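**Q** Return atomic coordinates for the entry below.
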Amino acid sequence: MKSLRTGLALTLLAGLTGTALTLPQTASATTTTTATEGTVVAALDRAAHPLRTVEPGGDTRDLRALARMIGGAKVVGVGEATHSSHDFFAMKHRLFRHLVEEKGFRTFALEVSWSTGLRLNDYVLYGKGDPRRIMREEFQGTYLWWNNTDYLALVEWMRAHNRRHPTDPVRFMGDDLGWAGPELYDKVTDYVAHAHPDLQARMTELYRGLRPTVSLGAYMEQYMNRPLAERREMAARTGEALDLLLKRSPRGTAGDWAVQHARAIDQVARFYSFDDQTQHADVMRYRDQVMADNTAWWQRHTGTRILLSAHNAHVGFETPDPANYPRMQGAFLRDRLGEAYVSVGFTFERGSFNSTGPDGTVRRFTVPAAAPGLNEHTLDRVGLRDYAVDLRTVPQPARDWLEQARPTRSIGTVYPEREYDIPLARTHDILIHLHRVEAARLRDR
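**A** Okay, the predicted model is just below:
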């Protein structure tokens, strides 16, 4: 068995929740501009709206300007510049509460597997299960970053909200494809037994050996270390199962959801059927496309407005690394939803985060004040500690400055990580800048 640190396992696990392990640094932008840093900062000063705090609860009047920027969006993607800083998670929680209470949002979507989202949704809707146990079981491997005190607080707030508003609940969804839990197979096979009993034997054969009997982390390791030909044969079977349901299931609530559950199972199998030696860019493009498809499907079938949480790179429109990540989820969502999709990115000037070090251990890292030449250095000169700015309407010369690609922090699941040349105004609609961030508190470690 190959080590998880090599081959397909290394590539796919690294790609599940952030930037790749070996994203090369591109050349810095060299666009000439006559604007001085001072004039850029002055323009940003005029456009920036202060944020009182990142912590949820209390007065949210400072979020009204940000909510106006979001406008009538059906889906708002909210990023993060690291995968494990408390301030990004807390701010998403705070913003989601405001959007629920003031703008009618009803779904929080996270960069986790579809089946994980269903388990958490059962909790927030019906109180089914223990969220601590669900998070412990589902947030393993490269999803471990989500098993933190901030997301636990968010899930518990969602449950409390639904107790108070049982006829107008909020929901939790997962849009990713890292794994398909046993509950997902049960949902499909139970539907088939009820609606299409003549297909039951064939579906059982097609799903043979696929329904997990071990924990998420162990299942992913075992799956990814199967020979490529075997993984492709498994994907052929999940594809046939999906086709059977598509041909036989009438349109309607039960049929639509059963087909989507079967589609999610097929997405997982197809994700692991790529050859990372020759198809790395293809598999990364496929993943972002699937996340966008799942989010758009959920929005269409529930009719809810969605706050979508993921890394900056995934919610943005432009990729920081075209060779390895040809197209991002944000670009696919803009294709599907047009202006009804809005992207919000984060930057920070200094602070700490959790990540995986060169020795493979998860630990806390700290970065100092951003050096001159980084986007964050100039952004932090604005006369507000934390603020939001609409990149679509920011005045000149800040607009031209934000259009230029220059080094920007984009930290994924491993560190050290180089900065990547990112044109902020071409990548996001809105930017939230924080002066300092602190590492999140991970649970069960």
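**Q** what about the longest strand in this structure?
**A** strand 341-356 (DSSP state E).
**Q** State the next helix or strand along the chain beyond it.
**A** Counting by DSSP states H and E, the element after strand 341-356 in chain order, helix or strand, is strand 362-367.
**Q** which strands and helices sit next to the helix or strand just after that next one?
**A** Sequence order places helix 375-379 as the next helix or strand after strand 362-367, per DSSP H and E. When contacts are defined as 3 or more Cβ pairs under 8 Å, 6 or more residues apart in numbering; DSSP states H and E, helix 375-379 packs onto helix 37-47, strand 341-356, strand 406-408, strand 430-437. Every C-beta, even on glycine, is put in place using the N, C-alpha and C of the backbone.
**Q** Within its sheet, name the partner strands of the shortest one and how each one runs.
**A** By that I understand strand 406-408. Strand 406-408 has the following sheet partners, assigned by DSSP bridges: strand 420-422 (antiparallel).
**Q** centre of the chain versus the partner strand, how much separation?
**A** Averaging C-alpha positions (Cα atoms, centre = their mean, to the nearest Å) puts strand 420-422 19 Å from its chain's average.
**Q** in this structure, which helix has the most residues?
**A** Ranked by residue count and defined by DSSP state H, the top helix of the chain is helix 280-302.
**Q** Which parts of the stretch 201-350 of the chain are helices?
**A** 216-224, 228-248, 253-271, 280-302, 312-315, 329-337 (DSSP state H, counting those that start in this stretch).
**Q** For the ones you listed, give me CSV that also has mean pLDDT and mean neighbour count.
**A** Shown next, in CSV, are those (pLDDT from 0 to 100; neighbours: other Cβ atoms under 10 Å):
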stretch, mean pLDDT, mean neighbour count
helix 216-224, 91, 19
helix 228-248, 97, 17
helix 253-271, 96, 21
helix 280-302, 97, 20
helix 312-315, 98, 30
helix 329-337, 98, 22
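**Q** so which of those helices gets nearest A43?
**A** helix 312-315 (22.6 Å; Cβ to Cβ).
**Q** Contacts for that closest one, please.
**A** 18-19, 77-81, 111, 288, 291, 308, 319-320, 325, 328-330, 343-346, 410, 412, 427-428 (Cβ atoms under 8 Å, 6 or more residues apart in numbering).
**Q** ok, now with 7 Å
**A** By Cβ atoms under 7 Å, 6 or more residues apart in numbering, the list of residues contacting helix 312-315 from outside reads 19, 77-81, 111, 288, 291, 308, 320, 325, 328-330, 343, 345-346, 410.
**Q** now stretch 434-441
**A** Applying Cβ under 7 Å, 6+ apart, the contact partners of stretch 434-441 are 54, 84-89, 148-150, 346, 348-354, 364, 380, 385-386.
**Q** What is the end-to-end distance of that stretch?
**A** The first residue of stretch 434-441 is 19 Å away from its last residue (Cα to Cα, to the nearest Å).
**Q** So which residue is smack in the middle of the protein?
**A** With distances taken as Cα atoms, centre = their mean, the residue of the chain nearest its centroid is A310 (2.4 Å).
**Q** does that one really touch V78, like I thought?
**A** No: with contacts counted by Cβ atoms under 7 Å, A310 stays clear of V78, the gap being 8.1 Å.
**Q** What ranges does the stretch 1-150 of the chain have for its helices?
**A** Using DSSP H, counting those that start in this stretch, the helices of the stretch 1-150 of the chain run over 7-16, 37-47, 64-70, 86-103, 114-126, 131-138, 149-164.
**Q** From T302, how far off is R61?
**A** Counting by Cβ to Cβ, to the nearest Å, the separation of R61 from T302 is 29 Å.
**Q** Also G181?
**A** 20 Å.
**Q** Kindly report the same for L125.
**A** Applying Cβ to Cβ to L125 and T302 gives a distance of 12 Å.
**Q** okay, and the common contacts of these two?
**A** By the contact definition Cβ under 7 Å, 6+ apart, L125 and T302 are jointly contacted by R171.
**Q** Any stretches of this protein with poor pLDDT?
**A** For the chain, applying pLDDT under 70 flags the ranges 1-34.
**Q** Recalculate using a threshold of 50.
**A** 1-11, 13, 15-33 (pLDDT under 50).
**Q** check contacts around the most far-flung residue of it relative to its centre.
**A** Distance to the chain centre peaks in the chain at D198, reaching 38.6 Å (criterion: Cα atoms, centre = their mean). By Cβ under 7 Å, 6+ apart, the contact list for D198 is empty.
**Q** so when I look at it, I'm seeing a helix, right?
**A** Yes: going by DSSP: H, G, I helix; E, B strand; the rest coil, the assignment for D198 places it inside a helix.
**Q** still on that earlier bit, of all the helices of the stretch 201-350 of the chain, which one is nearest R159?
**A** Nearest to R159 among the helices of the stretch 201-350 of the chain is helix 280-302 (17.9 Å), distances taken as Cβ to Cβ.
**Q** Which other helices and strands does that closest one contact?
**A** If you count contacts as 3 or more Cβ pairs under 7 Å, 6 or more residues apart in numbering; DSSP states H and E, helix 280-302 packs onto helix 7-16, strand 105-113, strand 171-176, helix 253-271, strand 305-309, helix 329-337.
**Q** That helix to helix 253-271, inter-axis angle?
**A** Interaxial angle, helix 280-302 versus helix 253-271 (axes from the mean of the first three to the mean of the last three Cα atoms, to 10 degrees): 170 degrees.
**Q** So what touches helix 280-302?
**A** The contact list for helix 280-302 (Cβ under 7 Å, 6+ apart) reads 11, 15, 74-75, 107, 109, 114, 171, 173, 175-177, 256, 260, 267, 271, 274, 276, 306, 308, 314, 323-329, 332-333, 336-337.
**Q** rerun that using 6 Å as the cut-off
**A** Here helix 280-302 makes contact (Cβ atoms under 6 Å, 6 or more residues apart in numbering) with 15, 74-75, 109, 173, 175-177, 267, 274, 306, 308, 324-329, 332-333, 336.
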